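Enquirer: just coords:
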């Protein structure tokens, strides 16, 4: 088993096992645990890079518009600076949220399921049993991290609001839980792939169901 030992945002003393809401059932074992990297989470899930570009373009547009209207240099600078200040507020809040979320979130892969513990103000655990995972895909990025998306088979589904930002981008109608900004994504994908293969090859035991007693039918004599 490989395990990420970086500390969380606070100590989860109420958890019997870090990242899990209850002790593992008999026969289930943890294969891997890890946390998202803040940088990858901020750029790819919270889109902070694109937000910064957007507000910079708005500031340039505002400055150019003021200059064309005959404003002096100070007015142009103040107008552009005001737009940048407006953009800094939501970006600062998102950055703080991303940092806290990266510290709070813990991914767990066991021999039977994937568990995502997330939530900043109200931590919650999302259990994704192997039985409902139709496929898994990994996307590697230039910073060495990767995103592992899990396609949940219908009619099962997860809540996009509950899992965001740990869902695959642009998949809102049928959200895909995603282990975002995972270090060494190839190794993690191999761990998950082997676990899914083993779980799929396990025989399903048939359980005998009791047959209800037949209700005796009335005979012709009894009916007479």
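Expert: Good, I have the coordinates. Computed from a prediction, not measured in an experiment: that's the story for all the values here.
Enquirer: and the spatially most central residue of the chain, how far from residue 173?
Expert: Of all residues in the chain, the one closest to the mean position by CA atoms, centre = their mean is residue 166, 2.2 Å from it. Look at residue 166 and residue 173: by CB to CB, to the nearest Å, they are 17 Å apart. C-betas here are computed from N, CA, C, even on glycine.
Enquirer: who's in contact with the helix or strand harbouring residue 195?
Expert: Using DSSP states H and E, residue 195 maps to helix 185-201. Residues outside helix 185-201 that contact it (CB atoms under 8 Å, 6 or more residues apart in numbering): 2, 31-32, 34, 109-112, 114, 130-131, 133, 136, 138-140, 145-148, 179, 182.
Enquirer: list the buried residues in it.
Expert: 185, 188-189, 191-192, 195-196 (16 or more other CB atoms under 10 Å).
Enquirer: try stretch 27-44
Expert: For stretch 27-44, burial by neighbour count (16+ other CB under 10 Å) applies to 30-38, 40-44.
Enquirer: what is the end-to-end distance of that stretch?
Expert: End-to-end distance for stretch 27-44: 36 Å, by CA to CA, to the nearest Å.
Enquirer: hey, where'd the strands end up in this protein?
Expert: All strands of the chain, identified by DSSP state E, fall at 2-3, 30-34, 106-110, 113-118, 124-129, 133-140, 145-152, 178-183.
Enquirer: rank those by pLDDT, which is bottom?
Expert: For the strands of the chain, mean pLDDT drops lowest on strand 2-3, to a mean of 46.
Enquirer: before we move on, back to that, wouldn't the residue nearest to the centre of the chain be in contact with residue 179 here?
Expert: Yes. Contact criterion CB atoms under 8 Å: residue 166 and residue 179 qualify, at 7.3 Å.
Enquirer: overlap in contacts, the two.
Expert: 36, 116.
Enquirer: domains in this structure, by residue range?
Expert: 2-9+22-36+105-201, 42-100 (automatic domain parsing).
Enquirer: rounded mean pLDDT for the last one, please.
Expert: Averaged over domain 42-100, pLDDT sits at 90.
Enquirer: any idea how far apart the tips of it sit?
Expert: First-to-last residue span, domain 42-100, CA to CA: 11 Å.
Enquirer: just use 19 as the starting number from now, easier for me
Expert: Shifting the count to begin at 19 puts that one at domain 60-118.
Enquirer: check the gap between residue 182 and residue 163 for me.
Expert: Going from residue 182 to residue 163 by CB to CB gives 19 Å.
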